[in-house]
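*Asks:* Below are the sequence and a predicted model; questions follow.
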4 protein chains.
Amino acid sequence: MTITPTTGATRVVVWGENRHEQLEPEVAKIYPRGMHTTIREGIEENLADQAVVRTATLDDPEHGLTEDVLAATDVLVWWGHAAHDEVSDVVVDRVHQHVLAGMGLVVLHSGHWSKIFRKLMGTSCTLRWRSENDRELIWTVDPTHPIAQGVPHPIIVDAQEMYGEQFDIPAPDELIFISSFSGGEVFRSGCTFRRGHGRIFYFSPGDQDYPVYHHKDIRKVIANGVAWARSDRPERSDPTLLRYETGDFFNGHGYEGALER
Amino acid sequence: MTITPTTGATRVVVWGENRHEQLEPEVAKIYPRGMHTTIREGIEENLADQAVVRTATLDDPEHGLTEDVLAATDVLVWWGHAAHDEVSDVVVDRVHQHVLAGMGLVVLHSGHWSKIFRKLMGTSCTLRWRSENDRELIWTVDPTHPIAQGVPHPIIVDAQEMYGEQFDIPAPDELIFISSFSGGEVFRSGCTFRRGHGRIFYFSPGDQDYPVYHHKDIRKVIANGVAWARSDRPERSDPTLLRYETGDFFNGHGYEGALER
Amino acid sequence: MTITPTTGATRVVVWGENRHEQLEPEVAKIYPRGMHTTIREGIEENLADQAVVRTATLDDPEHGLTEDVLAATDVLVWWGHAAHDEVSDVVVDRVHQHVLAGMGLVVLHSGHWSKIFRKLMGTSCTLRWRSENDRELIWTVDPTHPIAQGVPHPIIVDAQEMYGEQFDIPAPDELIFISSFSGGEVFRSGCTFRRGHGRIFYFSPGDQDYPVYHHKDIRKVIANGVAWARSDRPERSDPTLLRYETGDFFNGHGYEGALER
Amino acid sequence: MTITPTTGATRVVVWGENRHEQLEPEVAKIYPRGMHTTIREGIEENLADQAVVRTATLDDPEHGLTEDVLAATDVLVWWGHAAHDEVSDVVVDRVHQHVLAGMGLVVLHSGHWSKIFRKLMGTSCTLRWRSENDRELIWTVDPTHPIAQGVPHPIIVDAQEMYGEQFDIPAPDELIFISSFSGGEVFRSGCTFRRGHGRIFYFSPGDQDYPVYHHKDIRKVIANGVAWARSDRPERSDPTLLRYETGDFFNGHGYEGALER
């Protein structure tokens, strides 16, 4: 695929599973218009006119992630949890292809176990967890990173689900944040990965049972992540296997099969 | 899964697609008993009694990679090319699970486009190529790495298929070798990756149309890779998502669903 | 140190040794106003009003790198070769401190053996070389990196000094470019490193005997490197060892000695 | 330098500053024969006849680190604290050169601020700290690493000095352990670095005021680190800058100056 990008504001889609909010009153109380709406507002609050943010949810046709929508999305933000398995493999493949072609992806919290994140990582993406009101401290270990700017060291989240090591991911390209929990566990809570032409930021703070997406510093980090994940490449394009003749570095031929050549 | 390993010689399976050798007389001339046999002999030549090496091929039942075989394999070596698509998804998932649980994997040459390598990398694993008798020079960039020991700098391969950048892989954990080709292209030809509890070594030299697997130094590197890829862990075990109560760091509970908890 | 930065154009100093240009007529012919001037012009050509670029040379008082100059510099570009040893250790320490506090540093070509680069890397920074009109091809291996935008893949430099592996540097944080030379050697020619609060970009193309700094694509990469190396941090500050009392994460005390405490 | 290694047991020198033990009775009580002796015993306990371990201290002539001693040392273990500044620059340069030539180095705890570690890292190596009986939990984040074998996850140290982020080091080549402290801080407590031909392991647990070097698991990790840090290269040799003629990849010429060529 080749897609001409906008050069203006970053076009963001916040994808929310939107199930807990409908099934669990205590979640609806914290996120009355859905977690995706709160996440969207946090990005808008920080990026203002540098971003145009929309939302999509699991129950939308094609989960709201049609080819047309993705082609017009610079950065996709992903929150899912209870219904990972209900996400269509066709949509997952489509999102995967767009990330490899250059779309940015910000994966939040329980999205660690989403189909799309596991497909991009190649690992189980498992971890240890506990939802018992731990205090989370989010420490910056890469103070030069743009995603770490504008937040205290540490960020303090008074009550949170615990996510702990071992987190079964590839060694991240950049490790930005490490969290500790009052129970003593640690977690690589902010990590970047390049895959194909796309940039991926995983950020673990945030949960349906805690008001974490209302937290000023968490919102800042997510907005920083969105800004960072937008590709610098002038257009979206698939990595492709091509044959190049000797001395011609710029004109590749399409693949025609392993035995026919 | 939990598998008690041998503590003795490394148990190796060389998996070969074994199609070119049957369909193309010029390949059969270079590798009369199949490429997998030549690769096996190269490992045996270098590791001697430190390894027990068997082979398996695409046309074997379950491609020769049953649960029992994998459970008794410390390191799997993979060569495939023309028939990547014929490899059963069930077998690919089984191999994937064993790698995450701790089985070593050495992926050779055109195996870059195999289902198992792409599943582990999460990317397209595409590259540029040309089969026109380029000379390949294989330069060591990590002189401390065990895989780089015992070979000249550079290794010279007189005639080879060209593989060139961009190679669409995640940034490797360790970049050991970079190749140049007489046409001027470069390639990250020796890379390591940790995924789950497993170690993966990708090494690009080697092709059905060239006698590369008879090359002394190439055989040495592959044998080094096999020795390196064997896990140091005492037993094979799956990364698992578990809940841990506060203050209990060692006794996790199995997952019981996102909404039920 | 704590320095309030400008929020406007990036303040760049191109430091040139400026000896070859005075001692060797053939160099003076290629770079009549000094290599530093040509490098400066390449940055200005690409960054326009996003950068204010000055130059400084070895023969200036304090090599033109006084505390005041460095405090007003966002990114320092370094070219040296024949006179590395003549650079004052006091100035090297000063530059080192500013890099750790957040000043960006772009090290060019033979600057690999400068005191400041070796001090930041901790290694010998040695390599293999030959000045015999090799053609250099500069291949992008990280297509997502901002420094790699706007240049062809590969960049072709018709005649260049050869720099080859093994290049004794720490594994770079990001490997952006790999070069091949017509003689067959390869080199990690574009690498980034974070040290303290500073960002460092090493880029090897460029030499006094070849007109490489007049090359459009090389100028683009250097300008990209300057833009990338500018810190995102709001102010320059030294990494510091501080004691923190239990429960107070934000108010550190200065160190008072190992035995007195 | 070129040194023929032994192929037998790993020759280890544990270097101890040995000042706290003489000046502070409470330290002498924990480590009556010096911390270096306790560290040595922990290595011997784990590596048995695979290692021959000696000690050297600051007050020995040349700090016990003569050229002859270093030439006969496969892995140097470093503990220093109160007297970093008393270590001779000549000895530091000598150790540095041996590491670049292939000697392994294990740096413990307060050795983070030693001259040799800072010289190898190129950064300030500062951190935050507090000595108030924090409990330290040491979590494995790279379960495939040989240094992480044979210890629980997490390792529990009941009372320890707190070391917290930001730890001003280059991003490690491998991040093996992350610690949390009961006060909530986190620290990258087990890190590897390759520099030149040498391997470096930094491990933070351990302090003069706590009996940490008597802790079974800490001793195991240090022994693992020693085993890992021993070079696989057949002989020690300096990285060197050499000129290579076109087509001759194996016979380099020594450098003869930048202007004379």
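*Replies:* All right, it came through fine.

*Asks:* Return the distance of stretch A:173-184 from the chain's centre.
*Replies:* Mean-position distance between stretch A:173-184 and its chain equals 17 Å (Cα atoms, centre = their mean, to the nearest Å).

*Asks:* just stretch A:91-100 next, same as before
*Replies:* With Cα atoms, centre = their mean, you get 13 Å for stretch A:91-100.

*Asks:* Do any residues in it lie close to chain C?
*Replies:* No: using Cβ under 8 Å from any Cβ of the partner chain, stretch A:91-100 never reaches chain C; the gap is at least 10.8 Å. C-beta here means a position set from N, CA and C on the backbone, and glycine is covered the same way.

*Asks:* Show me which residues of that stretch are buried.
*Replies:* A:91-92, A:94-100 (16 or more other Cβ atoms under 10 Å in any protein chain shown).

*Asks:* following the helix or strand harbouring A:D68, which helix or strand comes up?
*Replies:* Here A:D68, judged by DSSP states H and E, is contained in helix A:67-71. Counting by DSSP H and E, the element after helix A:67-71 in chain order, helix or strand, is strand A:75-79.

*Asks:* helices and strands of chain A: which one bottoms out on pLDDT?
*Replies:* strand A:2-3 (a mean of 52; mean pLDDT, DSSP states H and E).

*Asks:* which helices and strands does the helix or strand just after it pack with?
*Replies:* Per DSSP H and E, the first helix or strand lying C-terminal to strand A:2-3 is strand A:10-16. Here strand A:10-16 touches helix A:35-47, strand A:51-57, strand A:75-79, helix A:216-229, going by 3 or more Cβ pairs under 8 Å, 6 or more residues apart in numbering or on different chains; DSSP states H and E.

*Asks:* who are the neighbours of the third one, in terms of helices and strands?
*Replies:* Using 3+ Cβ pairs under 8 Å, 6+ apart, the elements in contact with strand A:75-79 are strand A:10-16, helix A:35-47, helix A:89-101, strand A:104-108, helix A:216-229.

*Asks:* give me that answer again for 7 Å
*Replies:* strand A:10-16, helix A:35-47, strand A:104-108, helix A:216-229 (3 or more Cβ pairs under 7 Å, 6 or more residues apart in numbering or on different chains; DSSP states H and E).

*Asks:* which one of those is the most hemmed in?
*Replies:* strand A:104-108 (a mean of 27; mean count of other Cβ atoms under 10 Å in any protein chain shown).

*Asks:* Indicate whether that one makes contact with chain B.
*Replies:* No: on the criterion Cβ under 7 Å from any Cβ of the partner chain, strand A:104-108 is out of touch with chain B, staying 11.6 Å away.

*Asks:* after that strand, next one along is what?
*Replies:* helix A:115-121.

*Asks:* Quick one: residues in contact with that following helix.
*Replies:* Residues external to helix A:115-121 that are found in contact with it (Cβ atoms under 7 Å, 6 or more residues apart in numbering or on different chains): A:78, A:84, A:87, A:92, A:95-96, A:99, A:107, A:111, A:125, A:169-170, A:195, A:200, B:122.

*Asks:* repeat that for 8 Å
*Replies:* By Cβ atoms under 8 Å, 6 or more residues apart in numbering or on different chains, the surrounding residues in contact with helix A:115-121 are A:78, A:84-85, A:87, A:89, A:92, A:95-96, A:99, A:105, A:107, A:111, A:124-125, A:169-170, A:193, A:195, A:200, A:202, B:122.

*Asks:* Buried members of these into ChimeraX, please.
*Replies:* Here is the ChimeraX command that selects the buried residues among these (16+ other Cβ under 10 Å):
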select /A:78,84,87,92,95,96,99,105,107,111,124,125,169,170,193,195,200,202 /B:122
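
*Asks:* Which residues of the stretch 51-200 of chain A lie near chain B?
*Replies:* Residues of the stretch 51-200 of chain A lying close to chain B (Cβ under 8 Å from any Cβ) are A:81-83, A:100, A:110, A:113, A:119-124, A:126-132, A:134, A:162, A:164, A:166, A:168, A:170-171, A:173, A:183-185, A:193-196.

*Asks:* what's the closest of the buried residues of stretch A:91-100 to chain D?
*Replies:* A:V99 (23.8 Å; Cβ to the nearest Cβ).

*Asks:* Number of residues surrounding the closest residue in space to the closest one that isn't next to it in sequence?
*Replies:* Nearest non-adjacent residue to A:V99, counting by Cβ to Cβ, 6 or more residues apart in numbering or on different chains: A:G198, 3.8 Å away. By other Cβ atoms under 10 Å in any protein chain shown, 26 other residues sit near A:G198.

*Asks:* Residues touching the helix holding A:D68, excluding its own?
*Replies:* A:1, A:3, A:13, A:56, A:76, A:94-95, A:98, A:103, A:236.

*Asks:* A:H215 is in contact with A:V157, isn't it?
*Replies:* Yes: if you go by Cβ atoms under 8 Å, A:H215 and A:V157 touch, sitting 6.1 Å apart.

*Asks:* Those two: which has the busier surroundings?
*Replies:* Neighbour tally, A:H215 and A:V157, criterion other Cβ under 10 Å: the higher count belongs to A:V157, 22 against 19.

*Asks:* who's in contact with the residue most central in space within chain A?
*Replies:* By Cα atoms, centre = their mean, chain A has its centre lying nearest to A:V106, at 1.8 Å. By Cβ under 8 Å, 6+ apart, the residues touching A:V106 are A:75-78, A:200-203, A:222, A:225-226, A:229.

*Asks:* any idea how far it is from chain B?
*Replies:* Separation of A:V106 from chain B (Cβ to the nearest Cβ, to the nearest Å) stands at 16 Å.

*Asks:* ok, so what distance separates that residue from D:G190?
*Replies:* 29 Å (Cβ to Cβ, to the nearest Å).

*Asks:* what is in contact with A:H215 and A:V157 at once?
*Replies:* With Cβ under 8 Å, 6+ apart, A:H215 and A:V157 have common neighbours A:P205.

*Asks:* which parts of the stretch 151-261 of chain A sit against chain D?
*Replies:* A:153-154, A:164-167, A:171, A:174-175, A:178-182, A:184-186, A:188.

*Asks:* So which of those residues belong to helices?
*Replies:* Among those, no residue falls in helices (DSSP state H).

*Asks:* and chain C, which of those reach it?
*Replies:* A:153-154, A:174.

*Asks:* Top of the residues you listed by number of neighbours, please.
*Replies:* Going by other Cβ under 10 Å, A:P154 tops those with 23 neighbours.

*Asks:* who's in contact with stretch A:203-210?
*Replies:* Looking at stretch A:203-210 with Cβ under 8 Å, 6+ apart, the contacting residues turn out to be A:20-21, A:24, A:26-27, A:30-31, A:35, A:79, A:81, A:106-110, A:112, A:131, A:136, A:138, A:155, A:157, A:159-161, A:163, A:177, A:179, A:187, A:189-190, A:212-213, A:215, A:218, A:221-222, A:225.

*Asks:* picking up where we left off before, let's have the ones next to chain C among the residues of the stretch 151-261 of chain A next to chain D in TSV, adding pLDDT.
*Replies:* Shown next, in TSV, are these (pLDDT from 0 to 100):
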residue	pLDDT
A:H153	97
A:P154	98
A:E174	98
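
*Asks:* Closest to chain C out of those?
*Replies:* A:P154 (5.7 Å).

*Asks:* On the three-state scheme, the residue nearest to that closest one when sequence neighbours are not counted is what?
*Replies:* Distances taken as Cβ to Cβ, 6+ apart place A:L137 nearest to A:P154, at 4.2 Å, with adjacent residues excluded. When classified by DSSP: H, G, I helix; E, B strand; the rest coil, A:L137 comes out as strand.
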